[in-house]
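*Asks:* next input, structure requested:
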Amino acid sequence: MNNSEWNLSDPYVYQTLMSVVNQPISVQTTRGQVRGKLTDVTPDHIVVEMGGNSFYIRTQQIIWVVPNPK
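*Replies:* Here you go, the predicted structure:
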């Protein structure tokens, strides 16, 4: 496999997360919960903005995600 190829571990989660970019979400990880605006989704991590800080969360560390109402 060359370095430019991505291997999605869960394409359905990726696709669902792509549909809620720029919306508020709650993410439960193996280290705790993060609530904020989902600003980016890549095959291996997401970016959640909370309190002016960006949190980079590996998709393998996500237990569940819930979109929050505005």
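*Asks:* give me phi/psi at D44?
*Replies:* With angles defined as degrees, to the nearest 10, D44 sits at phi -120, psi -10.
*Asks:* distance check, it against P24.
*Replies:* 22 Å (C-beta to C-beta, to the nearest Å). C-beta coordinates here come from the backbone N, C-alpha and C atoms, glycine included.
*Asks:* neighbour count: those two, which is higher?
*Replies:* P24 (17 against 13; other C-beta atoms under 10 Å).
*Asks:* distance of the residue nearest to M18 when sequence neighbours are not counted from V66?
*Replies:* In space, and not counting its chain neighbours, M18 is closest to V41: 5.2 Å by C-beta to C-beta, 6 or more residues apart in numbering. Noted for V41: a distance of 15 Å to V66, by C-beta to C-beta.
*Asks:* more neighbours: which of the two?
*Replies:* The residue with more neighbours, out of V41 and V66, is V41; 18 against 12, by other C-beta under 10 Å.
*Asks:* tell me what the one residue sitting closest to the centre of the chain is bridged to.
*Replies:* In the chain, the residue lying closest to the centroid (C-alpha atoms, centre = their mean) is I46, at 3.3 Å. When bridges are called by DSSP bridges, I46 pairs up with V41, I57.
*Asks:* next, the contact list for it, please.
*Replies:* By C-beta atoms under 8 Å, 6 or more residues apart in numbering, the contact list for I46 reads L17, V27, L38, D40, Y56, I57, T59, I62.
*Asks:* mind redoing it with 10 Å?
*Replies:* 13-14, 17-18, 21, 25, 27, 34, 38-40, 55-59, 61-62, 65 (C-beta atoms under 10 Å, 6 or more residues apart in numbering).
*Asks:* which of those fall in strands?
*Replies:* Among those, DSSP state E puts I25, V27, V34, L38, T39, D40, F55, Y56, I57, R58, I62, V65 in strands.
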